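A.B. asks: Show me how the following folds:
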Amino acid sequence: MAVRGIRGANSADANSSEAILRATRTLLSSLAEANGFALDDLAAVQLSVTSDLDADFPARAARELGWTAVPLLCSKEIDVPGAPPRIIRALLLWNTDQPQAAVQHVYLGEARCLRPDLNQGKRP
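C.D. replies: Down below sits the predicted model:
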């Protein structure tokens, strides 16, 4: 069994607890649906936010989804001029027999522009 990385991102509508938690729940649920992993198979999850999002921890949304035994870590993204605002990113480390090519990365909302190569008719 190997450890595979699953990437994804979503945008929050505002810097509010509700918006951050909603965007994070949508992102994590979409990643789970796209890849069909069991929570027990996640080694860890790294969540990051752009510096304009500080009203809540995105890890709180994961806990609310029942991800209580998964190690979670939140951090701030690098401030890059011109980067899209209010973005939440996720890196899930998944213990699986799936090849990396089978992993489905999910980019939603305004975060679609981060990986247009992954959003050509494959994702909402």
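A.B. asks: and the helix or strand harbouring residue 5, which residues are buried?
C.D. replies: In this assignment (DSSP states H and E), residue 5 forms part of strand 2-11. Buried residues in strand 2-11, counted by 16 or more other Cβ atoms under 10 Å: 4, 6-11. For every residue, glycine as well, the C-beta is placed using N, CA and C.
A.B. asks: and what of stretch 12-21?
C.D. replies: 12, 15, 19-21.
A.B. asks: Same question for stretch 88-107.
C.D. replies: 88-90, 92-94, 96, 98, 103-107.
A.B. asks: Show me what the strand holding residue 5 is packed against.
C.D. replies: Counting contacts by 3 or more Cβ pairs under 8 Å, 6 or more residues apart in numbering; DSSP states H and E, strand 2-11 is packed against helix 17-35, strand 87-96, strand 106-107.
A.B. asks: before we move on, back to that, which of the buried residues of stretch 12-21 sit farthest apart?
C.D. replies: Greatest spacing in those, by Cβ to Cβ: 15 and 21 (12.1 Å).
A.B. asks: what residues are shared contacts of these two?
C.D. replies: Common neighbours of residue 15 and residue 21, using Cβ atoms under 8 Å, 6 or more residues apart in numbering, do not exist here.
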